[in-house]
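Asker: Have a look; sequence and predicted model below, questions after that.
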Amino acid sequence: MLTDDERSAFLQSIARVRQRAAQALPQSQGADDTVAFIAQLHRGLDTVAEQARATGPQPACQAGCAHCCHLRVEATEPEVFHIAQHLRAQPATVRADAISALQRHVATAQASTTRQACSFLVDDRCSIYPVRPAACRKAHSLSAPHCAEQSPIIPQNLRLLVDAEALMAGTALAYRDQPLPASAHELNAAVLAALKDPTAQARWYQGDAAALMPKDAQN
């Protein structure tokens, strides 16, 4: 829980990020560049995480620890299209395997509420690590046993969370100022929709808030 002063500082941080991002967001350069701008947010989040590790309690997370990769993950439209661009640049077999995994994940999610691994988790490693969304970049735990036990409360570094949330909120607001949709979508279903519909990114760039909805759901 934040104090009044901390909340005020948090809101000021969001406003600063929003202003800087809005000035730099290259919408006029085309849809691909506007999507690629999301990497600025991701670099900022990586810096925040590095600073937190250098000055605060050490996270228990390490390569091969994939407990959080079995939780629901949300990503904004530019993050989803950034991932889709990455996958389209992969060899056809890799792309086909990713689409099959996404389809299985979405079908299972529709039929059951049981936790399942993210489609991009391969041998307990993230297969899209360089372009993983902000939610994954800020995710961390100070206790591996808490994660293993699926504890409802995971000890985390509050400073890291606050700084990350300010970056994420400010960047999303900057996209919306364009105006471009930047809302939360379930990662697997959204990336699948982006890959299956080659017009989705262009429609998003025109301001279509339903660009990542399956076409049959839009009727």
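Answerer: Cool, got the structure. Not measured: the values here are computed from a predicted model.
Asker: any idea how far residue 185 is from residue 210?
Answerer: 11 Å (Cβ to Cβ, to the nearest Å). Heads up, the C-betas are built off the backbone N, CA and C, glycines and all.
Asker: Let me fix that, I meant to ask about residue 82.
Answerer: From residue 82 to residue 185 the distance is 13 Å (Cβ to Cβ).
Asker: Leaving out sequence neighbours, find the closest residue to residue 153.
Answerer: residue 146 (7.4 Å; Cβ to Cβ, 6 or more residues apart in numbering).
Asker: what sits up against whatever helix or strand that neighbour lives in?
Answerer: Taking DSSP states H and E as the definition, one finds residue 146 inside helix 144-148. By Cβ atoms under 8 Å, 6 or more residues apart in numbering, the surrounding residues in contact with helix 144-148 are 60-61, 65, 67-68, 141, 153-155.
Asker: could you redo the last one with a cut-off of 6 Å?
Answerer: Applying Cβ atoms under 6 Å, 6 or more residues apart in numbering, the external contacts of helix 144-148 come out as 60, 67, 141, 154.
Asker: now swap in stretch 4-19 and tell me
Answerer: Contacts of stretch 4-19 (Cβ under 6 Å, 6+ apart): 162, 166-167, 169-170, 173-174.
Asker: of the residues you listed, closest to residue 126?
Answerer: Within these, distances to residue 126 taken as Cβ to Cβ reach their minimum at residue 167, with 20.1 Å.
Asker: Could you find the closest non-adjacent residue to the residue nearest in space to the middle of the chain?
Answerer: Among the residues of the chain, the one closest to the centroid is residue 133, at 2.6 Å (Cα atoms, centre = their mean). Distances taken as Cβ to Cβ, 6+ apart put residue 75 closest to residue 133, at 3.8 Å, once the chain neighbours are dropped.
Asker: Quickly note the distance from that neighbour to residue 189.
Answerer: 10 Å.
Asker: These two: which is more packed in?
Answerer: Neighbour count, other Cβ atoms under 10 Å: between residue 75 and residue 189, residue 75 has more, with 25 against 19.
Asker: shouldn't that one be in contact with residue 188?
Answerer: No: using Cβ atoms under 6 Å, residue 75 is not in contact with residue 188; the gap is 9.6 Å.
Asker: Sketch out the low-pLDDT regions of the chain for me.
Answerer: When residues are selected by pLDDT under 70, those of the chain lie in 27, 215-219.
Asker: can you pull out the strands in it?
Answerer: Along the chain, the segments classed as strands by DSSP state E run 74-75, 121-122, 125-126, 185-186.
Asker: Direction included, what does the second one pair against?
Answerer: If I follow you right, that is strand 121-122. Strand 121-122 has the following sheet partners, assigned by DSSP bridges: strand 125-126 (antiparallel).
Asker: And for the partner strand, what's in contact with it?
Answerer: 120, 132.
Asker: what's the distance between that strand and the middle of its chain?
Answerer: From the chain centre to the centre of strand 125-126 is a distance of 15 Å (Cα atoms, centre = their mean, to the nearest Å).
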